[in-house]
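Asker: Could you look at this predicted model? Sequence included:
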Amino acid sequence: MSENYIVSARKYRPSSFSTVVGQKALTHTLKTAIKNEQLAHAYLFCGPRGVGKTTCARIFAKAINCEHLGADGEPCNECESCQAFNEQRSYNIMELDAASNNSVEDIRTLTDQVRVPPQVGRYRVFIIDEVHMLSQAAFNAFLKTLEEPPEYAIFILATTEKQKIIPTILSRCQIYDFARITVPDIVEQLQRISQDKGVTAETAALNVIAQKADGAMRDALSIYDQVLASSEGNITYQSAIENLNVLDYDYYFRLDEAFQTGDVPQALLIYKEIRDKGFDSLYFVNGLAQHLRDLMVASTPQTVGLLEMNNDIAQQHITQASRFNTRFFYLAMDLCNTCDLQYRETSNKQFVVELTLIKLCQIMGGTPVQQPPQPRVQKVMAAPTPAQPAPQQSAPAQPAPQATAAPVQPASTTPQQPAAPQPTAPRAVAPQPAAPTRPASVASRRILINKQPTGATTSDAPAERHTARTAAFTPEQFTQAWHHYIEQNPGEIILLSAMRNSVPQRLNDTTYQVEVENTVQVETISSNMTKLLQFLRDEVGNDMVALDIKLSPKGVSTMAKTDREIVEDMRDRNPQFAQMIKDFKLSMT
Ligand SMILES: [Zn+2]
């Protein structure tokens with residue numbers, strides 16, 4: 001470090017409003033007020049730390065004393081007054097840090113100063129930083145001065161905690177709220193500084209720094225200095241994440257692969273790698289949740305602006321997001337959230353994380369990547385899973401489940417797929433399956449999974465097939481496919497018990513009805529619908545296959561059977577059991 005090394009936060013402190021980062025609207029208002037000489041006697045600058053409150057106060061003080069004020073309200077930075085400000089020798093500015101000088105005595109010193117008029121220039125500006133730290137007595141002492149200030153005195157109070165400022169002060173101030181600085185704004189500023197210093201810096205690295213700074217430019221600059229010190233004039237992404245102990249987002253992108261292909265072993269191995277690198281599991285889970293959130297907002301044009309990252313990194317997220325559907329994001333984020341909650345309570349933390357990863361791998365259907373990808377038209381066919389109906393319905397870009405009984409003309413919603421065959425049967429749809437905790441209220445609840453090609457967003461399946469398979473198949477072949485699924489997925493106990501109990505009945509060429517006994521089975525099949533349909537369609541070679549789930553009339557208004565219901569059922573079916581209940585005078589409560 002050279003002798004005249006100046007930390008970036010000081011060296012690159014803006015000297016005019018135009019170089020203040022991330023506070024465009026606010027600085028514009030200040031400049032206009034200065035230009036029009038509409039000055040108040042007291043200002044309150046509120047906002048998080050490191051966002052430019054003191055900097056703006058200093059530029060403000062300089063500008064109102066400038067001898068050649070620019071037409072735009074900027075200080076000239078050349079006149080004697082400006083130079084005195086820039087060299088920190090002006091008597092027209094006085095700063096008090098109330099965090100360390102909060103006594104009545106300190107305020108007295110300040111108010112004594114207020115009585116001295118400016119020797120040169122027009123205004124004397126008194127900046128009180130962290131004004132909420134003043135003691136009650138100091139506040140009171142100050143209030144008098146604030147009520148009757150001399151003509152030349154202007155107070156700028158700054159605080160990170162506006163809610164701690166008493167109303168008597170608030171009512172006497174013009175209030176300016178400073179926003180936290182966005183990641184792209186910080187990155188842009190760091191790029192300018194790198195250029196100025198002759199340092200090469202990867203955007204991805206600056207992005208990491210900006211994210212770590214959490215909206216504070218001052219923090220960003222000191223983190224930048226820290227990374228630069230160990231980077232020998234070349235700030236790379238690697239040097240940044242190592243220096244700042246940040247998990248490489250490459251891990252998250254690799255996990256996406258595993259989630260997409262259903263590669264559980266790969267997901268577990270990546271997790272092990274992360275642990276081996278010394279990263280805390282909870283940190284990882286939260287990072288993963290953030291990553292999934294970023295992918296979700298990147299998946300639709302409406303929300304892509306919510307991505308707080310630089311263009312090329314945002315682009316990476318947009319590309320990645322296009323490989324998943326909206327349902328995946330909702331379920332995945334929910335799983336991460338649950339994992340976060342359970343993690344704190346369980347003794348087997350690694351297990352909770354691994355289980356979450358396994359579930360994440362199952363959402364997209366767990367199809368190996370070498371299998372032919374599903375046409376995009378089917379990716380949106382999964383019914384809203386009853387457990388998560390709300391997010392599905394609030395999806396901005398995901399077409400809502402078709403609530404109409406009339407088939408949607410494929411051509412009207414997906415003009416790029418005119419060849420998609422027209423479905424042959426209208427179907428009844430219950431778009432909002434009752435939550436599993438409520439009894440079914442309708443006599444016969446039918447849930448049909450939308451089988452029409454709908455206006456899928458581009459966020460679905462990247463490698464989509466453009467022509468749907470339409471092979472003819474017999475009911476026997478369909479039943480066979482049904483049983484193949486049962487045979488090949490012995491682990492899915494709950495789903496299989498629902499499937500075993502029902503034989504699909506043909507409604508038309510491609511639509512089959514499954515009658516199940518209770519709402520739990522309806523929910524179970526519904527929530528596995530994507531996977532199940534994909535399997536059946538692959539087996540029979542027809543992408544129009546649809547399932548109509550019907551709740552058996554005798555199952556109406558039953559939930560998962562209660563113990564009592566099970567016993568009643570056994571009693572009704574089994575006379576000996578009924579006799580036993582009688583004989584032993586057993587009561588069913
Ligand atoms: Zn000037």
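Answerer: Structure received.
Asker: Alongside the ion, which residues does the protein contribute?
Answerer: Residues of the chain that fall close to the ion, judged by Cβ under 5 Å from the ion: 66, 75-76, 79, 82. Where C-beta positions appear, they are placed from N, C-alpha and C, glycine not excepted.
Asker: shaky segments in the stretch 351-500 of the chain?
Answerer: 366-467 (pLDDT under 70).
Asker: ok, now which ones touch I181?
Answerer: I181 makes contact with 21-23, 51-52, 215-217, 220 under the criterion Cβ atoms under 8 Å, 6 or more residues apart in numbering.
Asker: repeat that for 6 Å
Answerer: 21-22, 51, 215, 217 (Cβ atoms under 6 Å, 6 or more residues apart in numbering).
Asker: Now name the helix or strand holding the spatially most central residue of the chain.
Answerer: For the chain, R293 is the residue whose C-alpha lies nearest the centre (Cα atoms, centre = their mean; 3.6 Å). Element membership for R293 (DSSP states H and E) is helix 281-298.
Asker: what does D538 give?
Answerer: D538 belongs to helix 529-540, assigned by DSSP H and E.
Asker: and the helix or strand just after that helix, which strands flank it?
Answerer: Using DSSP H and E, the next helix or strand after helix 529-540 towards the C-terminus is strand 546-551. Applying DSSP bridges, strand 546-551 is found paired with strand 446-448 (antiparallel), strand 511-516 (parallel).
Asker: The longest one vs helix 529-540, what angle?
Answerer: Here strand 511-516 points in a direction 130 degrees away from that of helix 529-540 (axes from the mean of the first three to the mean of the last three Cα atoms, to 10 degrees).
Asker: What are the contacting residues of strand 511-516?
Answerer: Contacts of strand 511-516 (Cβ under 6 Å, 6+ apart): 425, 478, 498, 502, 504-507, 522, 546-550, 552.
Asker: Which pair of those spans the longest distance?
Answerer: A425 and A498 (23.1 Å; Cβ to Cβ).
Asker: which of those two has more neighbours?
Answerer: A498 (22 against 14; other Cβ atoms under 10 Å).
Asker: is it true that the more buried one lies in a helix?
Answerer: Yes - under DSSP: H, G, I helix; E, B strand; the rest coil, A498 falls within a helix.
Asker: Quick check: closest non-adjacent residue to it.
Answerer: Q521 (3.8 Å; Cβ to Cβ, 6 or more residues apart in numbering).
Asker: How about E492?
Answerer: N528 (7.3 Å).
Asker: A61 too?
Answerer: V125 (3.6 Å).
Asker: Let's verify the one you found: helix, strand, or coil?
Answerer: Assigned by three-state DSSP, the conformation of V125 is strand.
Asker: Could you list everything it pairs with in the sheet?
Answerer: The partner residues for V125, given DSSP bridges, come to I93, I154.
Asker: Tally up the residues packed near it, please.
Answerer: 25.
Asker: Provide a list of residues in contact with it.
Answerer: 61, 93, 154.
Asker: go with 8 Å
Answerer: 57, 60-61, 64, 92-94, 154-156 are the contacts of V125 under Cβ under 8 Å, 6+ apart.
Asker: What helices and strands are in contact with the helix ranked longest in the chain?
Answerer: In the chain, with assignment by DSSP state H, the single longest helix is helix 326-345. Under the contact criterion of 3 or more Cβ pairs under 8 Å, 6 or more residues apart in numbering; DSSP states H and E, helix 326-345 touches helix 281-298, helix 349-363, helix 389-394.
Asker: what about the helices in the stretch 1-150 of the chain?
Answerer: 8-11, 24-35, 53-65, 80-86, 104-114, 136-147 (DSSP state H, counting those that start in this stretch).
Asker: highest average neighbour count across these?
Answerer: helix 53-65 (a mean of 25; mean count of other Cβ atoms under 10 Å).
Asker: Restrict that one to CA atoms and write it as PDB.
Answerer: Taking Å, rounded to 0.1, in the frame of the first residue of the first chain, the C-alpha atoms of helix 53-65 are listed here in PDB:
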ATOM      1  CA  LYS A  53     -26.900  11.300   3.200                       C
ATOM      2  CA  THR A  54     -23.800  13.100   4.500                       C
ATOM      3  CA  THR A  55     -22.400  13.400   1.000                       C
ATOM      4  CA  CYS A  56     -25.500  15.100  -0.200                       C
ATOM      5  CA  ALA A  57     -25.500  17.400   2.800                       C
ATOM      6  CA  ARG A  58     -22.000  18.500   2.000                       C
ATOM      7  CA  ILE A  59     -22.700  19.000  -1.700                       C
ATOM      8  CA  PHE A  60     -25.800  21.000  -0.700                       C
ATOM      9  CA  ALA A  61     -23.800  23.200   1.700                       C
ATOM     10  CA  LYS A  62     -21.200  23.800  -1.100                       C
ATOM     11  CA  ALA A  63     -23.800  24.500  -3.700                       C
ATOM     12  CA  ILE A  64     -25.700  27.100  -1.700                       C
ATOM     13  CA  ASN A  65     -22.400  29.000  -1.100                       C
END
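Asker: If you count contacts, what does it end up packed against?
Answerer: Looks like helix 53-65 contacts helix 24-35, strand 42-46, helix 80-86, strand 93-97, strand 124-129, strand 153-159 (3+ Cβ pairs under 8 Å, 6+ apart).
Asker: Mean pLDDT and distance to R180 added to those, as a markdown table?
Answerer: Compiled in a markdown table, the helices and strands packed on helix 53-65 are given as follows (pLDDT from 0 to 100; distance: least, Cβ to Cβ, whole Å):
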| stretch | mean pLDDT | distance to R180 |
| --- | --- | --- |
| helix 24-35 | 94 | 13 |
| strand 42-46 | 96 | 12 |
| helix 80-86 | 93 | 27 |
| strand 93-97 | 92 | 22 |
| strand 124-129 | 94 | 18 |
| strand 153-159 | 95 | 15 |
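Asker: rewinding a little: with respect to D263, which of the residues of the chain next to the ion is nearest?
Answerer: P75 (60.2 Å).
Asker: State the number of residues packed around the closest one.
Answerer: 27.
Asker: Quick check: the residue of the stretch 151-300 of the chain nearest the ion.
Answerer: I154 (16.9 Å; Cβ to the ion).
Asker: these two touch, right, that residue and Y123?
Answerer: Yes - between I154 and Y123 there is a contact under Cβ atoms under 8 Å: 5.4 Å.
Asker: and for these two, which residues touch both?
Answerer: With Cβ under 8 Å, 6+ apart, I154 and Y123 have common neighbours 39, 61, 64.
Asker: what about the first one, how many neighbours?
Answerer: Spelled out, that is L39. 14.
Asker: returning to that earlier point: once you drop chain neighbours, what's closest to the residue nearest to the centre of the chain?
Answerer: M333 (6.1 Å).
Asker: And the pLDDT for that neighbour?
Answerer: Listed pLDDT for M333 reads 96.
Asker: And it, how far from D294?
Answerer: With distances taken as Cβ to Cβ, to the nearest Å, M333 is found 11 Å from D294.
Asker: Looking at these two, which one has more neighbours?
Answerer: D294 (23 against 19).
Asker: can I assume that one is in contact with H317?
Answerer: Yes - assessed by Cβ under 8 Å, D294 is found in contact with H317 at 5.4 Å.
Asker: Where does the stretch 301-450 of the chain get nearest to the ion, which residue?
Answerer: Counting by Cβ to the ion, the stretch 301-450 of the chain gets nearest the ion through N310, at 35.3 Å.
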